[in-house]
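Student: all I have is the shape, not the residue letters:
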């Protein structure tokens, strides 16, 4: 870069490393320190534009890119290309439905790469730009991203950021062996970075190695808690902390360790967040309570979401309240919650997609439970297939647990053919999950297929080898009994 300060360069490089590791607060600190050493460091302002946007400070991000553009005449052509590409990306972020802006951003990166083909940062950004979301930070990387990330690896062999983004791209494409290899490399190279350990964890989890995944999620959790203490940073300021809590809790839930999952989900539920997707994901706490046959507590948790100022979160609360009310056969009240959710979504400016599948599932279950079974089945299956199609580790586990909840509801109303269908969808989604085999066993036992029931119960017991000793489903699987309700 255009600077005479070695210290400014080092802090700038550190800021880039933090950006690529999703550690936004420390990235911002690093860029600010670089600017203290050299106030004319234009690309440090570019770095701040990324960090501030991820910290939900859009006004500061815009001011940062304007400062960079004001300094552009004083820096090299190489640096000016970075500045202008970032300005074009931000314009596309502000107008996500305007494809022409995204195309302009990609074209600027292509031109910059043609001029500077060994620039790893340009190659990484171009790979991310393959995502249809101009604001994507690498998590949504697609198949078209891979050649750019691989070119970055050729330019800088084993570059940790290229490994990070290749792990996301491979996972999104369902290539779990590749995803695991890249995530393991990222974790080894950045073993003190929470997200690096977390990434390795969720690739292990998707690869059928939940016990090892828990070790990595726990390592990420320890690193983050130590960081909060050392740097006196409030936990709610770091987006990654509740995200890791959620996946750690889901992993414990997956192996039947409900006693460990519960406090983690409860802690995550209580943490404030400025990110809409994270607040919506707090629905996993009332869903967990309902799965543990605690509908009254689930209803109270849902009411907390209803009280949120954002209408999408309000809708989410109404939906989770509706599920809890259906479980206690309060059908009229459940219908009111469904209507309230629909009204809230219609009043939302954006983000409706975060809640619409759950609303469709609620409406389907209402019909299933109120003697309109065929319509109910159709609605629930549509929701199931949509959940299964969502990308990402959060969506993958949430889809599995939602399928399980649907199967439980079908059994609860005595619709065994539909319970069988949902158990089959669980098998297609995750054949290693104990709950999948438990659901299959219950259907087989109801149908009088003793041999299949025994085989599936045995598989469930084996998969729950590390489960809570008092897990009710485990006890029933061991006895091969059907629940009374």
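Tutor: Alright, I've got the coordinates. Everything quoted here is computed from the prediction, not taken from an experiment.
Student: what residues sit buried inside the host helix or strand of residue 81?
Tutor: Taking DSSP states H and E as the criterion, residue 81 maps to helix 77-94. Going by neighbour count (16 or more other C-beta atoms under 10 Å), the buried part of helix 77-94 is 79-93. All C-beta spots, glycine's among them, are computed from the backbone N, C-alpha and C.
Student: for that helix, packing partners?
Tutor: Packing partners of helix 77-94 (3 or more C-beta pairs under 8 Å, 6 or more residues apart in numbering; DSSP states H and E): helix 42-54, helix 58-71, helix 99-115, helix 120-128.
Student: and the angle from it to helix 99-115?
Tutor: 160 degrees (axes from the mean of the first three to the mean of the last three C-alpha atoms, to 10 degrees).
Student: got a list of contacts for helix 77-94?
Tutor: Residues outside helix 77-94 that contact it (C-beta atoms under 8 Å, 6 or more residues apart in numbering): 1-2, 42-43, 46, 49-50, 53, 61-62, 65, 68-69, 72, 75, 98, 101-102, 104-105, 108-109, 111-112, 115-116, 119, 121-122, 125, 129, 134-135.
Student: how about stretch 257-269?
Tutor: By C-beta under 8 Å, 6+ apart, stretch 257-269 touches 242, 245-246, 248-250, 252-253, 282, 284-285, 288, 292, 301, 304, 466-468, 471.
Student: same question, stretch 417-426
Tutor: Taking C-beta under 8 Å, 6+ apart as the rule, stretch 417-426 contacts 368, 373, 377, 380-381, 384-385, 388, 400, 403-404, 406-407, 410-411, 433, 435-436, 439-440, 442-443, 446-447.
Student: show me how to select, in PyMOL, the buried members of those residues.
Tutor: Buried residues among the contacts of stretch 417-426 (16+ other C-beta under 10 Å), as a PyMOL selection:
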select buried, resi 368+373+377+380+381+384+388+400+403+404+406+407+410+411+433+435+436+439+440+442+443
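Student: of the contacts of stretch 417-426, which belong to strands?
Tutor: Using DSSP state E, no member of the contacts of stretch 417-426 falls in strands.
Student: helix or strand for residue 137, which one?
Tutor: Using DSSP H and E, residue 137 falls outside every helix and strand.
Student: quick check: the spatially closest residue to residue 195 that is not a sequence neighbour vs residue 243, distance?
Tutor: Using C-beta to C-beta, 6 or more residues apart in numbering and skipping residues adjacent in sequence, the residue nearest residue 195 is residue 22, 4.7 Å away. According to C-beta to C-beta, to the nearest Å, residue 22 stands 9 Å off from residue 243.
Student: ok, now residue 188?
Tutor: For residue 188 relative to residue 243 (C-beta to C-beta), the value is 21 Å.
Student: so which of the two has more stuff around it?
Tutor: residue 243 (23 against 13; other C-beta atoms under 10 Å).
Student: follow-up on the earlier one: return the closest of the buried residues of helix 77-94 with respect to residue 38.
Tutor: residue 79 (12.8 Å; C-beta to C-beta).
Student: how distant is the helix holding residue 81 from the center of its chain?
Tutor: How far helix 77-94 lies from its chain's middle: 27 Å, per C-alpha atoms, centre = their mean, to the nearest Å.
Student: who's in contact with the closest residue to residue 45 other than its chain neighbours?
Tutor: Among residues not flanking residue 45 along the chain, residue 68 sits closest, at 3.8 Å (C-beta to C-beta, 6+ apart). For residue 68, the contacting residues are 42, 43, 45, 46, 49, 83, 86, 87, by C-beta under 8 Å, 6+ apart.
Student: hmm, 10 Å instead?
Tutor: For residue 68, the contact set (C-beta atoms under 10 Å, 6 or more residues apart in numbering) comprises 41-49, 75, 79-80, 82-84, 86-87.
Student: cool, residue 255 as well?
Tutor: Per C-beta under 10 Å, 6+ apart, neighbours of residue 255: 210-211, 213-214, 261, 433-434, 463-468, 471.
Student: could you redo the last one with a cut-off of 7 Å?
Tutor: By C-beta atoms under 7 Å, 6 or more residues apart in numbering, the contact set of residue 255 is 210, 466, 467.
Student: next one: residue 287
Tutor: 320, 401, 405.
Student: please report the distance of it from residue 425.
Tutor: As defined by C-beta to C-beta, residue 287 lies at a distance of 17 Å from residue 425.
Student: and if you look at residue 257?
Tutor: The value you get for residue 257 to residue 425, if C-beta to C-beta is used, is 24 Å.
Student: need the pLDDT of residue 282.
Tutor: In the prediction, the pLDDT value recorded for residue 282 is 97.
Student: same question for residue 482.
Tutor: The model's pLDDT for residue 482 equals 51.
Student: which ones are touching the residue nearest to the spatial centre of the chain?
Tutor: The chain has residue 394 as the residue nearest its centroid, 3.9 Å off, counting by C-alpha atoms, centre = their mean. Contact partners of residue 394, counting by C-beta under 7 Å, 6+ apart, are 246, 281.
Student: that one: helix or strand, and which one exactly?
Tutor: Element membership of residue 394, judged by DSSP H and E, is helix 393-412.
Student: I'd like the next helix or strand past that helix.
Tutor: Past helix 393-412, the next helix or strand by DSSP H and E is helix 416-429.
Student: now that next one: buried residues?
Tutor: Residues of helix 416-429 classed as buried: 418, 419, 420, 421, 422, 423, 424, 425, 426, 427, 429 (neighbour count, 16+ other C-beta under 10 Å).
Student: now that helix: how far from the chain's centre is it?
Tutor: Averaging C-alpha positions (C-alpha atoms, centre = their mean) puts helix 416-429 25 Å from its chain's average.
Student: cool, and stretch 147-166?
Tutor: 23 Å.
Student: next one: stretch 219-231
Tutor: Worked out by C-alpha atoms, centre = their mean, stretch 219-231 lies 20 Å from the chain centre.
Student: what is the burial count for residue 332?
Tutor: Neighbours of residue 332 (other C-beta under 10 Å): 8.
Student: looking at the buried residues of helix 416-429, spot the one nearest residue 18.
Tutor: Nearest member of the buried residues of helix 416-429 to residue 18, counting by C-beta to C-beta, is residue 429, at 35.1 Å.
Student: and that closest one, what does it touch?
Tutor: 388, 399, 400, 403.
Student: the residues you listed: which two are farthest apart?
Tutor: 388 and 400 (8.8 Å).
Student: how near is residue 331 to residue 44?
Tutor: With C-beta to C-beta as the criterion, residue 331 and residue 44 are 59 Å apart.
Student: neighbour count: the two, which is higher?
Tutor: residue 44 (29 against 14).
Student: surely that one meets residue 33?
Tutor: No - using C-beta atoms under 7 Å as the test, residue 44 is too far from residue 33 to be in contact (9.0 Å).
Student: between the buried residues of helix 416-429, which is closest to residue 160?
Tutor: residue 429 (31.5 Å).
Student: so where do the helices sit in the stretch 201-350 of the chain?
Tutor: 210-231, 240-254, 258-270, 276-280, 284-291, 295-306, 311-327, 331-346 (DSSP state H, counting those that start in this stretch).
Student: now do the last one: distance to the chain's middle.
Tutor: Looking back up the chat, that one is helix 331-346. With C-alpha atoms, centre = their mean, you get 26 Å for helix 331-346.
Student: go ahead and name everything in contact with that helix.
Tutor: By C-beta under 7 Å, 6+ apart, helix 331-346 touches 311-312, 314-315, 318-319, 321-322, 325-326, 352, 355-356, 359, 362-363, 366, 369-370.
Student: now do the helix holding residue 394, average pLDDT.
Tutor: Across helix 393-412, the average pLDDT comes to 92.
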